[in-house]
Every structure is written in C-alpha cells, then in structure tokens.
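Asker: The sequence and its predicted three-dimensional model are supplied below.
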Amino acid sequence: MTDNELLDRYLSGAITAPQEAELERRALSDPVLAAALSGVSAFPEEDHAGRVAAMMEGARTQVRGKVKEARIRPLGRYAAAAAVALLVVASIFLLPQFTDDSAGELAMDSREVPSAATEKGTPSASVPSVPQMEAGAAASDDLEREVAPAPIPTAPAARAKTQAPAPAAAPTSPAPAAAPPELEAFADELVAQEEMVPEPIIVEPVSRETAEAEMEAVQGDAIRKKITRSELEDLPRRTVDAVAATTAGVSAGGSVSKNRSNTITGRITDENGKPINGVLVRLPGQPIGERTDTSGVFVFTADATTSLLEFSHPDYASESFAVDPRRDDIQLTLERLEEKKDDWKDVWSVTTITMDDNLPGQALPAEGYGALRRRIEAGKPGNVPSGKVKFSFVVKPNGILEDFIFRGEPSQETMDYVGETIMKTSVWEVVRGDEAVRVYFKVVFE
Amino acid sequence: MQSDRLLHLSDESNASTDPDTRPLHHCMKQLKDEQRRCISLFYLSEGESYQTIAEQLNLSVGRVRSHLQNGRRNLRQCLEHQNDPE
C-alpha cells in the first residue's frame, strides 16, 4: 500500500493496527511522513481529514478567484502608487510657494549667492546650502529635518535660479535695501501662484517667532516689514524653518535685531496684581528654566521651537501659555492655591464621624432569650438528638421571622423542631434600628 | 514506536505462555475503561480500525485516537515501571 493510501486511511481513521504500524515504520525513514503523523498525533481530537478537505476546497475557490483579479489588481496598485508619487513630487515642488516669504528670502539668497558668485566667484548656492542645512537643522527642531530638507533647498534654489533672470539684477552684497524690491516681486508671484496649489501636505504649526527668528538672523528690519505684510503668513512653518535654517547657513550671518530677539520677558503676578517671586518658567517637559525675581519679572531665552511656556510655583496653580514673540512682554496672573489648602484643613477639622448609623439593630423575644432557650430545650421531642444546635434567623421589623440557617449539620428533625417552635410559638420584636435583624441563637439539648 | 512494541508484546504473549503476559494484563487493568477498550479492540483484535471502534463505542474518531494515544502512554509507563525492578 502506498504512503498516500496509508496516510489517507490514517487521517480518516479507517486504518487498522498493522497498517498503522507499517505507516509508523515508514515514517522512521521518511521525515515528511513523520511530520504528517506528528501533526495528527499532536491534536488527536481534531478532524484532520475534514480540515484538509476544507483547505483544498478553499484553495480551489481562491485560485479561481485569483485568476480574475490577477489582471485588475496590478493596474490598480500601480495607479495608486503613481498617484501618490505624483502628489508627493508635486507637493515638494509646489510647497515652497506657500511657505513664508522666508522662502522668498531663501530664493533671494540663493539668487544673491549665485549672482554674488558671478561677481565674487563664490560657489553656487546649492552646494553650501546643503551642508549648511545640516548644521542649521541640527540646531533646530528634529522635526524640521524630517521635512525633506534636501528637496526644499534645491527646489527653491532651482526656482530661485529660474527667477534670477526675472527680477532686477542682484546687488553686489546681500544688502537689505536691495532685497525688498526683489522680495516684493517674488512675493507677488507667490501670491499669484497661491491660488493654484491646494493645501500643502506637511503642516505643523510652529511659532512665528521660530521662523522669524531665523529670518532676522539673515535679514535686517526692512525684510521683516515685508514679511509681516505678506499674505502668506499662515502657511506651514516647518518648511519655513527648514528653509530658514538653510538661509541662516547661507547668509554671512546677520545681526539679531532688538524686537525680534530670542528672549521672552514677562511679569507674573497674582490676582491682586502683586508680583510673584520664584515662579518657574520653562519649556514643557523640561525640568529647569528661568525663575521670576522679586518683582515677578523673568527673561526667558527661547529657541526657534518655543511655542509654549509652562509657569509653575508650589503655591499657585500652574499655567501653560502659548507665546507670541511679537509681544516681548508677557503679563500673566497665577491663581493662588493657598485657599484650597485651607479649605481642606477646615474640612478635616470639622468633620465628625457619626458612629450611630453603624450600630447594629437588635431584636428580642417577648419572653426573653433565656426563657425561650429553656422552653426549646425542655420541649425537645425524642427524635431530636442531644447536643448543641447553633442557628440564626432574620427578624423583620414587622415581627415576621424568616431565613433560618442552621450551622453544622443538625438532623432534619432537629431543624424542624427548633424552627417550628421559634416561628410559631415565640414573639420577636426589633428593639433597635429600623431594619431586619439577624438573630444568632444556640440551644443545648441534654 | 508504541504500537510496534505493544504488538510485539502481544505476539510474544500469544506465542508462548511466558509470565511476560502478566505485566501487560496488570497494566491493562490499570487503564481507564475507555482507553482499555480502545486498545484491546485496536491491538488485540483483528482488523479493527479507528472508525470501526468509533462506531462500536459510539465515539468520534478523534476521541478514539486520543484514547489510544493516552492508553499507549499509560501502558508504556506502567510497563516500564514493571520492568524496572527486574
């Protein structure tokens, strides 16, 4: 008999002992067969034959289905992949148009550098921009790095180069005076293009201060004014930062103007306007930061990514505050926590624990415990064995007795006698409390 | 494998009146009823298959398989224990 025949029989169970022995003998030298056998023996109760049949049937139907789908699917997948790739590429190229004018500035700088290159003989923008980009990115938020920093500088750089011939000839040095007209022209173009492009994909709000801090590092006050007037302010900042970082790297290193410094100053007071000393001002998640002085004033050095500051003090409720770098000064009031502590103390001292509610109720028989006990013990019929009988029952406020529970295992006669005697011949009353009372009773039969 | 060994044993016991049958009988008695029945039907009768045993005992084939496996295991343990002192 062939292996397969034996195996079939084995799976279906129509195998006899000698056949099974033969199968096992063969499995000793055939690992595949051994594996098949081991599967069955591991789960003897399973309907293996049934499962195999179901599997085969499923495979058959699948194969039929796959033939039809096989032609459609690849196309669908490729189309989807192509669409996504197209979107990504499009966004990469179109995105910088929506970024702030700092993009324009980058373009400006890129433009200026090549133009400067033509005049000064320095290398082109894209080469230094990339390594500078790395340095700039390292200083900034980690997130900025993820925002395809490589494509962005090249894209605006590319665009810058195409734009270069359009605006007026670049000045010899990156003077602020020269920048504004070009920037305006560029800004106008960006505005024109703005309507064409849909919502950019990469969106993450970063504080204005971040972008503009970078920007001023490069440009002077004049540019800043242009930026503030630009209609592109609400666009995503991440790309701005990436771009700005590049800008920072590319430029010769501008000065930080007074209004756009990286420091935030503020004054913390309580509800009455009194300054709070020693309020901790920090970035969320940081353990250290700045503290206010006795006049409640603090000076916090914020980096490019600051958007939220935490203010905390042991005596006051903590606050988080979104910082807007346009305003140097933050005036914040903290709510005092002291009153709350006092409230707690008051409550603690005033509360009294009333024990009365927890006192258990009590029920008494009209004749008294002792008398009832003696009566039960005396009236014991002959079929009740001697010994202790412990039991309990519930006395309801209306005097009804119920729920007899006997402890140990008294005989049925005992339980009957005791239960009936109490229920029918004794009168109980709940003397304390309003609820049903469980009474625990013991009689001893001689 | 188990069945080989048991067949071997039962052949021996049938072939000669060795006292070797005693451990087997003893161990068979130690088995649970279902296991013993399955084993004696399968190994000690002619031409019984899982299916026939299942029909006879009104069990599923899986159960019969299970009883046989467990029974074999128990027999083996019992017999080994029997053989150890010797």
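Answerer: Everything's here; your move. Nothing here was measured: the structure is a model prediction, and the numbers come from that model. Numbering: from 1, shown residues only, chains lettered A, B, ... in the order given.
Asker: and the residue of the stretch 301-446 of chain A found nearest chain B, how many neighbours does it have?
Answerer: Nearest residue of the stretch 301-446 of chain A to chain B, counting by CB to the nearest CB: residue A:409, 34.1 Å away. Every C-beta, even on glycine, is put in place using the N, C-alpha and C of the backbone. A count of nearby residues for residue A:409, using other CB atoms under 10 Å in any protein chain shown, gives 7.
Asker: Could I get the pLDDT score of it?
Answerer: Per-residue confidence (pLDDT) for residue A:409: 85.
Asker: what's the distance between it and residue A:395?
Answerer: Look at residue A:409 and residue A:395: by CB to CB, to the nearest Å, they are 24 Å apart.
Asker: quick one on the thing from earlier: give me the three-state assignment for the residue of the stretch 301-446 of chain A closest to chain B.
Answerer: Using DSSP: H, G, I helix; E, B strand; the rest coil, the structure places residue A:409 in coil.
Asker: which residues touch it?
Answerer: Listed by CB atoms under 8 Å, 6 or more residues apart in numbering or on different chains, residue A:409 has no contact partners.
Asker: Kindly report the same for residue A:396.
Answerer: Taking CB under 8 Å, 6+ apart as the test, what residue A:396 contacts is A:402, A:430, A:436.
Asker: which of the residues you listed are buried?
Answerer: Applying a neighbour-count criterion of 16 or more other CB atoms under 10 Å in any protein chain shown, the buried members of the contacts of residue A:396 are A:430, A:436.
Asker: Same list, the contacts of residue A:396, but as CSV with pLDDT, distance to chain B and secondary structure please.
Answerer: Below are those laid out as CSV (pLDDT from 0 to 100; distance: CB to the nearest CB, whole Å; DSSP: H, G, I helix; E, B strand; the rest coil):
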residue, pLDDT, distance to chain B, secondary structure
A:402, 88, 48, strand
A:430, 85, 59, strand
A:436, 85, 52, coil
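Asker: from the contacts of residue A:396, which single one is nearest residue A:94?
Answerer: Distance ranking of those against residue A:94, using CB to CB, places residue A:436 first at 80.5 Å.
Asker: close enough to count as contact, the closest one and residue A:395?
Answerer: Yes. With contact defined as CB atoms under 8 Å, residue A:436 and residue A:395 form a contacting pair (6.5 Å).
Asker: so what does whichever strand or helix holds residue A:9 touch, helix or strand wise?
Answerer: Per DSSP states H and E, residue A:9 falls inside helix A:3-12. Counting contacts by 3 or more CB pairs under 8 Å, 6 or more residues apart in numbering or on different chains; DSSP states H and E, helix A:3-12 is packed against helix A:17-29, helix A:31-42, helix A:48-98.
Asker: For chain B, find the nearest of those.
Answerer: Proximity to chain B (CB to the nearest CB) singles out helix A:17-29 among the helices and strands packed on helix A:3-12, at 4.3 Å.
Asker: Next, the angle helix A:3-12 makes with the closest one.
Answerer: Helix A:17-29 and helix A:3-12 meet at an angle of 120 degrees, taking axes from the mean of the first three to the mean of the last three CA atoms, to 10 degrees as the criterion.
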